[in-house]
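next comes the sequence, and after it the predicted model I'd like to discuss.
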Amino acid sequence: MKLHFYKYQGTGNDFIMIDNRNLSFPKTNISLINKLCDRRFGIGADGLILLEPSNKQDFKMVYFNADGNEGSMCGNGGRCLVAFAKQLGIITYKTTFDAVDGLHYATIENNIVSLKMIDVTEIEIAKEYTFLNTGSPHHISFCKNISTINVKEVGSKIRYGAPYFEEGTNVNFVEQLTNNSFKVRTYERGVEDETLACGTGVTAVAIAANKTNITNSNTIKIEVLGGNLEVSFEKKNTSYTNVFLKGPAQFVFEGNITI
Ligand SMILES: N[C@@H](CCC[C@H](N)C(=O)O)C(=O)O
């Protein structure tokens with residue numbers, strides 16, 4: 001059987017997109033999804049996303065990590081899916097869609113997608129790290145110089161170690177550049193490697209930096225290996241609300257693959 005796919009990337013976090021409005025994609029086939037994401041034996045990507053019908057919203061996002069398992073929310077994947085929905089003619093410049101963590105509102109203009117993320121209230125501040133969930137779980141470690149860190153090795157130890165163990169977490173290493181700008185490198189759970197960017201990760205970094213008084217800004221610029229992202233939010237008492245993740249989302253190529 002031939003599968004038509006589209007490839008997108010958002011600051012180098014790359015995804016296979018499938019128009020699954022007819023619900024024909026075999027989504028319980030973990031090894032197939034894992035193989036499609038393989039960079040040598042398949043198309044190659046950090047994850048695979050199905051665009052499915054939704055009863056009340058414009059569409060539904062179903063996200064799988066490169067290991068083939070259904071993941072939690074993916075911020076860059078969500079931004080790329082908005083660009084894909086525009087390419088398919090489902091939306092024009094704004095949308096609301098369903099995802100695993102709830103509804104997401106987004107706008108798109110000239111390939112720049114601004115995606116509303118979930119509100120965040122619970123933030124754990126430990127001595128060595130901050131932990132919070134922005135749709136996906138994120139461990140955040142502020143460091144002096146992130147360019148020398150072996151992100152795969154150190155990130156993997158944290159991801160599989162206490163208190164996360166098998167369920168795991170994504171791990172972000174953060175260096176402050178100015179009051180409101182940071183450089184971030186992320187180890188992604190489900191890819192089990194460093195990726196060039198992580199949207200829920202940089203969202204978590206911006207909130208963690210504000211919560212721990214590392215910055216007093218509510219518009220944070222973040223440099224990742226694959227480009228630049230911006231996170232903005234409002235702080236209401238102990239909650240972070242109207243959280244937006246903004247950056248480029250680009251179509252790369254499309255094709256057919258025999259499955
Ligand atoms: N790349 C993603 C994060 C994806 C979620 C993650 N790998 C997980 O399931 O833990 C992003 O842009 O947010």
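Right, received. Where do you want to start?

and the closest residue to Met117 other than its chain neighbours, what pLDDT?
Excluding its sequence neighbours, the residue lying closest to Met117 (CB to CB, 6 or more residues apart in numbering) is Val243, at 4.3 Å. Every C-beta, even on glycine, is put in place using the N, C-alpha and C of the backbone. For Val243, the pLDDT comes out at 98.

what do you get for Glu166?
For Glu166, pLDDT reads 85.

quick one: the strands in the stretch 1-150 of the chain?
2-10, 13-19, 47-52, 60-65, 94-99, 102-109, 112-116, 123-125, 130-133, 137-142 (DSSP state E, counting those that start in this stretch).

ranges for the helices of this structure?
In the chain, the helices defined using DSSP state H lie at 30-37, 75-87, 151-160, 199-211.

out of those, the one nearest Thr11 is which?
Nearest of these to Thr11, taken as CB to CB: helix 75-87 at 6.5 Å.

how confident was the prediction at Leu81?
Model confidence at Leu81 (pLDDT) stands at 99.

got a list of what it touches?
Each residue near Leu81 by CB atoms under 8 Å, 6 or more residues apart in numbering is listed here: 8, 15, 17, 49, 51, 59, 61, 97.

who's the nearest residue to Glu70 once chain neighbours are set aside bridged to?
Once flanking residues are discounted, Glu70 sits nearest to Phe64: 5.5 Å by CB to CB, 6+ apart. As for beta bridges, Phe64 partners with Leu48, Glu70 under DSSP bridges.

was I right about Phe64 contacting Ser31?
No. Between Phe64 and Ser31 there is no contact under CB atoms under 8 Å: 11.8 Å.

and the closest residue to Ala208 other than its chain neighbours, what are its bridge partners?
Nearest in space to Ala208, with sequence neighbours left out and distances taken as CB to CB, 6+ apart, is Thr130 at 4.1 Å. Note on Thr130: beta-bridge partners Ile125, Ile140, judged by DSSP bridges.

please apply the same query to Ala99.
Bridge pairing for Ala99 (DSSP bridges) gives the partners Gly102.

and for it, the neighbour number?
If you count neighbours by other CB atoms under 10 Å, Ala99 ends up with 24.

interface residues of the chain facing the ligand?
Those residues of the chain that sit near the ligand, judged by CB under 6 Å from any ligand atom, are 13, 65, 71-72, 74-77, 136, 170, 188-190, 198-201.

narrow those residues to those that are buried.
Among the residues of the chain next to the ligand, the ones that count as buried by 16 or more other CB atoms under 10 Å are 13, 65, 71-72, 74-77, 136, 170, 188-190, 198-201.
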